[in-house]
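Asker: Quick one, fold the following:
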Amino acid sequence: MSKMTTPFVAGYFKDPTALKKACKASTDRQHKGHDAYTPYPIHGLEHLLGMKRSLLGRPVLFLLLFGAFCGFMMQYWMMKVDWPINIAGKPYNSWPAYVVITFESGVLAGAIGNMLLVLLVFCKILPNTHTKVISETLTDDTFCLAIPVKDNGSEDELKKFLEENGAENIQIYETEEVERSIGEASDA
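Answerer: Coordinates of the predicted model:
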């Protein structure tokens, strides 16, 4: 396996308003792969970066409804088929008694499915050994806009762009990407 380095330019800001303006300007210039790092969530930053609405809600809704259905059917089967007990003359399939467990099983299935399956896949945060942090103190008190050099111009152009948009400190970083050649991939 050979390793290839990909440089990116990171501009650091002290003010969130300046970061928002820089993100908007970066999106207007149609930079690809840019990302922002902040010490706390900033409302609307994803729109300024040109990100689309997440598809995360659809599978979570499906899992929630599936969990609620399973919880309801479990209670129905237990109370009507498996072990019918006449309680105060009520019918065996008295659905108002099932509401709480149905709701809770839906929330449980939605939460567990969201955490374990959907979130790890959609957000691409599966654990791996190649993840490297730019700086240990990156989001302590500063805001950062990182723009990869590939497909976005040269390092000098990006440095000038970040300076024009109020970056107080600009750094160039090299990241390692794992690249397989065709011969190595066929040997595996």
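Asker: Nearest the geometric middle of this protein, what residue?
Answerer: Nearest residue to the geometric centre of the chain (Cα atoms, centre = their mean): C123, 3.5 Å.
Asker: residue contacts, the closest residue to that one other than its chain neighbours?
Answerer: The shortest distance from C123 to any residue other than its chain neighbours is 7.9 Å, reached at L56 (Cβ to Cβ, 6 or more residues apart in numbering). Backbone N, C-alpha and C define where each C-beta goes, glycine included. Each residue near L56 by Cβ atoms under 8 Å, 6 or more residues apart in numbering is listed here: N114, V118, L119, F122, C123.
Asker: ok, so of the residues you listed, who is nearest Y37?
Answerer: Taking Cβ to Cβ as the measure, Y37 lies nearest C123 of the contacts of L56, at 15.1 Å.
Asker: how much space is there between the residue nearest to C123 and L162?
Answerer: Counting by Cβ to Cβ, to the nearest Å, the gap from L56 to L162 is 31 Å.
Asker: Report the beta-bridge partner residues of V9.
Answerer: I147, I172 (DSSP bridges).
Asker: how about it, what does it touch?
Answerer: With Cβ under 8 Å, 6+ apart, V9 has these contacts: A146, I147, V149, E155, L158, K159, L162, I170, Q171, I172, Y173.
Asker: ok, now how distant is it from L119?
Answerer: From V9 to L119 the distance is 30 Å (Cβ to Cβ).
Asker: Same check on F143?
Answerer: Taking Cβ to Cβ, one finds F143 at 25 Å from L119.
Asker: Neighbour count: the two, which is higher?
Answerer: F143 (27 against 14; other Cβ atoms under 10 Å).
Asker: Ramachandran angles for the more buried one?
Answerer: Backbone geometry at F143, expressed as degrees, to the nearest 10, gives phi -110, psi 140.
Asker: which residues does it bridge with?
Answerer: With DSSP bridges as the rule, F143 is bridged to F13.
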